[in-house]
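Engineer: with the input below, show me the fold.
(2 chains)
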There are 2 protein chains.
Amino acid sequence: MTKQYISTHQDRFLAELFELLRIPSVSADSRHKDDVRKAAVFLVGKLKSAGAEKVELVETAGHPIVYGEKIVNPALPTVLVYGHYDVQPPDPLNLWTTPPFEPVIREGVIYARGSCDDKGQVYMHIKAFEILCAQGNLPCNIKFMIEGEEEVGSDHLGTFVKENKARLKADVILISDTAIISLDHPSITVGLRGLSYMEVEVTGPNRDLHSGVYGGAVANPINVLSRMIASLHDENGKVTIPGFYDDVIELSPSERAELNKAPFELSEYKKDLDIADVAGEKGYTTLERTGIRPTLDANGIWGGYTGEGAKTVLPSKAHAKISMRLVPNQSPARITALFTSHFQSLAPSTVKVKVTAHHGGEPAVTPTDSAAYQAASRAFEQVWGKVPIPTRDGGSIPIVALFKKELGLDSVLMGFGLDSDAIHSPNEHYGVRNFLLGIETIVAFYGHYVKAVR
Amino acid sequence: MTKQYISTHQDRFLAELFELLRIPSVSADSRHKDDVRKAAVFLVGKLKSAGAEKVELVETAGHPIVYGEKIVNPALPTVLVYGHYDVQPPDPLNLWTTPPFEPVIREGVIYARGSCDDKGQVYMHIKAFEILCAQGNLPCNIKFMIEGEEEVGSDHLGTFVKENKARLKADVILISDTAIISLDHPSITVGLRGLSYMEVEVTGPNRDLHSGVYGGAVANPINVLSRMIASLHDENGKVTIPGFYDDVIELSPSERAELNKAPFELSEYKKDLDIADVAGEKGYTTLERTGIRPTLDANGIWGGYTGEGAKTVLPSKAHAKISMRLVPNQSPARITALFTSHFQSLAPSTVKVKVTAHHGGEPAVTPTDSAAYQAASRAFEQVWGKVPIPTRDGGSIPIVALFKKELGLDSVLMGFGLDSDAIHSPNEHYGVRNFLLGIETIVAFYGHYVKAVR
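Structural biologist: I've put the predicted structure just below:
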């Protein structure tokens, strides 16, 4: 019956999703403030028409939160669906085959910024909800909380959650903002890395200088910044910030062995990325490096002359954005503090260094023995024909730890993307098949969940 | 009489210079191709009206060369004046107090891109020539060769020089494209550093990746590039490229002592740049580091996300522009080759590295015992009341070595700028006093020169 409904309505489902994907709701860019709001307003309308009640565009000090609910019977369990409608900036624009906000389907795949992260996945939930309402068999209560600041640190969701504990009362949180291993290997994410995101500025002379007149006698901020960044890793790929690994919980050999059972083909991985070798912390596999180990990456660097041709400048300033992915038990606040003092200590007396923190996020692990996890597992098994593999994901959904802390609720991370979907990159995409199977799986989840908690 | 003429005409001289400064003749930027030509056409007109003959806008495969001459008597000595009418890009634009191509005078100083480097200095020569012609006492033959590609490597001047040896026949080259120590300490540059200018590109994965999903397992091109740049200097500030110092001629202790006699106040230098410390090769003074030692500076770096806020990207590529200043006897071609092979060798197997060379330039030394140098020295003494100090300049005028090689001619580097004129930087400026005294000094030079060679 669900399959039939999806098949009948799939063209409309995709048309609606495309309408949402056309809105450039880039939360990081203040020029897109109105677009972000427009995406929220769009979702308000779609939640209402799907059958939600008390639908509200909740104002915050930043971008708005979309809330809606359907209470069938207060005695039934309640699932709180979380997602986000904001997207990453589309840069570098020139690398997109088709424009990021003009969605197209090529060979069964939707290409658009946000197609996978997270508009496509959020929209599956609204359509699954529509199906259950339309068929008159919604088996439990559902609440929706869809924010517009996930890509910039969810700055105002915390306040909303703290001030709306009664409204958000639920039994479990359901989130689709992660990936499965492959269409042949469904999986459920049970661990997420945390995040500390820093920005650094190195200032040498008070103005850009002629590199001939001053070069070799005045510290060059680019060269200095390069040395500072280089020193953040040792020759074994370990992060050198003192205390960085203090709170990391080492997994047991059997836990590591279990983790490494996940399907992974190094040669395929290298081929997909066109790299001759992987790189990382010595003594760990690729799955471990992204799953259970904290890491440090420069996400951006800039300084001096970057235009066409040659300019012989010794620049006044150089900048970098540097982020660290953290594993359970590491605290972003502590890591941010450790980074700041260590980075300052690296600066020679010839420059001034400014370190500022962007958003951070707590790492998280979710239980696999809960009714909700089991329901998600059965829903995958029912629709995909295979029991999903529990995986540790390298990314961060900081809000998972916040939900646990403020609402006392565990999350189930039932995502349907693929690691190769190029989220945060040019040509982000999402399989039409993932989208449609995802809707079916979500519908199935509610039935299994209600059975499991009864 | 010269003083009188300058004083009567100085407003017009400045108005004409301003007209030239208003033309954004940025040779590095192809969007300014027409502007570069416009500046050349302007100079053609001014050379003609000053009294030059056979004035010609010479086409090249790049920007045109302006040529003009005045042959008083073939038996008299001939001075070939070289200069350039192209300018550096004005970036970063936001740091200019007033727009770079809208010249203004503030407190006796002309602010504009090119005011010192080199339009202001070139124009002094045209006005000195005008004075001598107007007064009917041009004591020797003068030829002008003013190019539009100095800031991008003088790519087509070499061909012009080689193909026009007869036309360019002269006894000495006179160039004003350098600086004096201060208004109180006139000086003449007798050494110039050469230049190798490289661009490097480090490619990791074939697309930008999500730093959570891939971070820690895939080499990050920014981190790799930082390590590669960092390794180009050792802990003593020496460049680590094998063979880099092989051809450097070490100065004798007495030569170094002489060089260090030039007026230099470290505390003033640091205060002017707002730096707590200078930096550079161990065992050398600041004057030596910029005058007699080869150096390496990153002139620009870019990669990943550099916009507002945070983007958790592991970028596909990172880039840098890196240049080396060379001292006499070092060969830019050899250093470019050494850099290329060394930089390639630094690359780990996890990335691909592309190294390309922008323009280079030969280092040069000019004799101090020549008639022309002595004439320049006397001209300074006459106008400024002090014998100028011979100095080694950190910058590069590659054409000096070319003139020596192709025409067999020495150059006299009679510049009138100041190191603090912010050439190549925002708010480039040039003193009105430097401009006017410079004209007077150039007029005096011709008289002394003809006397000295007779």
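Engineer: in stretch A:386-397, what's buried?
Structural biologist: By 16 or more other Cβ atoms under 10 Å in any protein chain shown, the buried positions in stretch A:386-397 come out as A:Pro388, A:Ile389, A:Pro390, A:Thr391, A:Arg392, A:Asp393, A:Gly394, A:Gly395, A:Ser396, A:Ile397. Heads up, the C-betas are built off the backbone N, CA and C, glycines and all.
Engineer: since we're on A:Asn236, how many residues are nearby?
Structural biologist: Residues lying near A:Asn236 (other Cβ atoms under 10 Å in any protein chain shown) number 9.
Engineer: was I right to think it contacts A:Ala279?
Structural biologist: No. A:Asn236 is not in contact with A:Ala279 according to Cβ atoms under 8 Å; the separation is 11.1 Å.
Engineer: tell me where chain A has helices.
Structural biologist: A:2-21, A:33-50, A:119-134, A:157-163, A:211-214, A:221-230, A:253-259, A:266-273, A:286-291, A:332-346, A:371-384, A:399-407, A:432-453 (DSSP state H).
Engineer: and among these, the most buried is which?
Structural biologist: Among the helices of chain A, helix A:211-214 has the highest mean neighbour count (mean count of other Cβ atoms under 10 Å in any protein chain shown), at a mean of 27.
Engineer: that helix near chain B at all?
Structural biologist: Yes. Using Cβ under 8 Å from any Cβ of the partner chain, we find that helix A:211-214 touches chain B at A:Ser211, A:Gly212, A:Val213, A:Tyr214.
Engineer: still on that earlier bit, contacts with chain B among the buried residues of stretch A:386-397, please.
Structural biologist: The overlap between these and the neighbours of chain B (Cβ under 8 Å from any Cβ) comes to A:Asp393, A:Gly394, A:Gly395, A:Ser396.
Engineer: returning to that earlier point: quick one: which of the residues of helix A:211-214 next to chain B is nearest chain B?
Structural biologist: The nearest member of those to chain B, counting by Cβ to the nearest Cβ, is A:Gly212 at 3.1 Å.
Engineer: and the closest one, how far from B:Gly361?
Structural biologist: Distance of A:Gly212 to B:Gly361, given as Cβ to Cβ, to the nearest Å: 10 Å.
Engineer: show me chain A divided up by domain.
Structural biologist: By the assignment in automatic domain parsing, chain A contains the domains A:2-192+A:363-453, A:194-248+A:294-361.
Engineer: mean pLDDT added to the ones you listed, as JSON lines?
Structural biologist: Output for the domains of chain A, formatted as JSON lines (pLDDT from 0 to 100):
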{"stretch": "domain A:2-192+A:363-453", "mean pLDDT": "95"}
{"stretch": "domain A:194-248+A:294-361", "mean pLDDT": "95"}
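Engineer: check contacts around A:Val351.
Structural biologist: Contact analysis of A:Val351 by Cβ atoms under 8 Å, 6 or more residues apart in numbering or on different chains lists A:Val202, A:Thr203, A:Gly204, A:Ala219, A:Pro221, A:Val224, B:Ile275.
Engineer: just the residues you listed: which are in strands?
Structural biologist: Among those, the ones falling in strands (DSSP state E) are A:Val202, A:Thr203.
Engineer: okay if I get the contacts of A:Val351 as JSON lines plus distance to A:Ile188?
Structural biologist: As requested, the contacts of A:Val351 are exported to JSON lines (distance: Cβ to Cβ, whole Å):
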{"residue": "A:Val202", "distance to A:Ile188": "43"}
{"residue": "A:Thr203", "distance to A:Ile188": "47"}
{"residue": "A:Gly204", "distance to A:Ile188": "50"}
{"residue": "A:Ala219", "distance to A:Ile188": "51"}
{"residue": "A:Pro221", "distance to A:Ile188": "46"}
{"residue": "A:Val224", "distance to A:Ile188": "45"}
{"residue": "B:Ile275", "distance to A:Ile188": "55"}
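Engineer: nearest to A:Gly309, of the contacts of A:Val351?
Structural biologist: The closest of the contacts of A:Val351 to A:Gly309 turns out to be A:Pro221 (Cβ to Cβ; 21.2 Å).
Engineer: if we can go back for a sec, which residues are in contact with each of A:Gly212 and B:Gly361?
Structural biologist: B:Leu195, B:Ser396.
Engineer: ok, which stretches of the stretch 51-200 of chain A are strands?
Structural biologist: With strands called from DSSP state E, counting those that start in this stretch, the stretch 51-200 of chain A shows them at A:53-58, A:65-70, A:78-84, A:104-106, A:109-111, A:141-147, A:172-175, A:179-180, A:187-192, A:194-203.
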